[in-house]
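In: no sequence for this one, just the structure:
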């Protein structure tokens, strides 16, 4: 694990972690962020960047931040309350996009081609960094956009040498988190089962804040 002295870039360790995760999961690229919620948000915002603004349908039983990411990104939200949709394990799709919430899956060769898969490194997930996330993709144009969007529109050069040409967010992974992730990956198994939700998610349509959103039943 070396510091990039030539370019004075402390984030080379982050790139090493991204490459290690991409290699493990079978994706062409992996872009690190500070958590899975923001990974989903950036994927949805990238669709807006492409000019897409669809109705996004998600299970009604998932984590609270997922519908909030849909709403904050400017898409319309629909909850699917059907049993068959909410009986998911490990991963589910944010329809109609090829965006997957894969917060409860981290295993070798898991990547689905032509998709955006969002990972979580929360303390309750597989790779326990405490916090952190990743976007798996094989779309190079998306990777370029994600890397700027996660870091206030900055590129991968020194701040004083950069030219900011887009608005972004403060959503990057720190080198300390990446170093921890690399250490954990050293002895990580080639295959891991999905994580279950022992107590089950509460149906989000029961919350006042989501009462006005349509649902499929």
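Out: That came in fine, so what should we check first? Please read these numbers as outputs of a predicted model, since none were measured by experiment.
In: how about the strands in the chain?
Out: Secondary structure of the chain (DSSP state E): strands at 29-33, 55-59, 76-80, 92-93, 99-101, 116-120, 133-137, 215-216.
In: buried set for stretch 203-210?
Out: Buried positions in stretch 203-210, judged by neighbour count with 16 or more other Cβ atoms under 10 Å: 203, 204, 205, 210. (C-beta placed from N, C-alpha, C; glycine too.)
In: how close does the first one sit to residue 214?
Out: Using Cβ to Cβ, to the nearest Å, one obtains 14 Å as the distance from residue 203 to residue 214.
In: over to the third one?
Out: In this view, residue 205 and residue 214 are 10 Å apart by Cβ to Cβ.
In: what do these two both touch?
Out: Both residue 205 and residue 214 are contacted by residue 79, under the criterion Cβ atoms under 8 Å, 6 or more residues apart in numbering.
In: is residue 121 in contact with residue 104, as I believe?
Out: No - if you go by Cβ atoms under 8 Å, residue 121 and residue 104 don't touch, sitting 12.0 Å apart.
In: so if I had to pick from those two, which one is more boxed in?
Out: residue 121 (28 against 23; other Cβ atoms under 10 Å).
In: so who does the more buried one touch?
Out: 36, 127, 128, 129, 130, 131, 132, 133, 134, 177, 181.
In: relative to residue 74, how far out is it?
Out: For residue 121, the distance to residue 74 equals 27 Å [Cβ to Cβ].
In: now do residue 135
Out: For residue 135, the distance to residue 74 - Cβ to Cβ - is 19 Å.
In: kindly report the same for residue 105.
Out: Residue 105 is 27 Å from residue 74, by Cβ to Cβ.
In: more crowded one of those two?
Out: residue 105 (21 against 11).
In: quick one, helices of the protein?
Out: Shown for the chain, the helices assigned by DSSP state H span residues 12-25, 36-49, 65-72, 83-86, 140-149, 175-185.
In: compare these and give me the one nearest residue 164.
Out: helix 140-149 (8.7 Å; Cβ to Cβ).
In: and that closest one, what's buried?
Out: 142, 143, 145, 146, 147, 148, 149.
In: for the spatially closest residue to the fourth one that is not a sequence neighbour, give me its contacts.
Out: In other words, residue 146. Nearest residue to residue 146, sequence neighbours excluded (Cβ to Cβ, 6 or more residues apart in numbering): residue 31, at 4.4 Å. Residue 31 is in contact with 18, 134, 135, 137, 143, 146, 147, 150, counting by Cβ under 8 Å, 6+ apart.
In: tell me the pLDDT at the nearest residue to the last one once chain neighbours are set aside?
Out: Closest residue in space to residue 150, ignoring its immediate chain neighbours: residue 171 at 4.4 Å, by Cβ to Cβ, 6+ apart. Residue 171 is assigned a pLDDT of 97 by the prediction.
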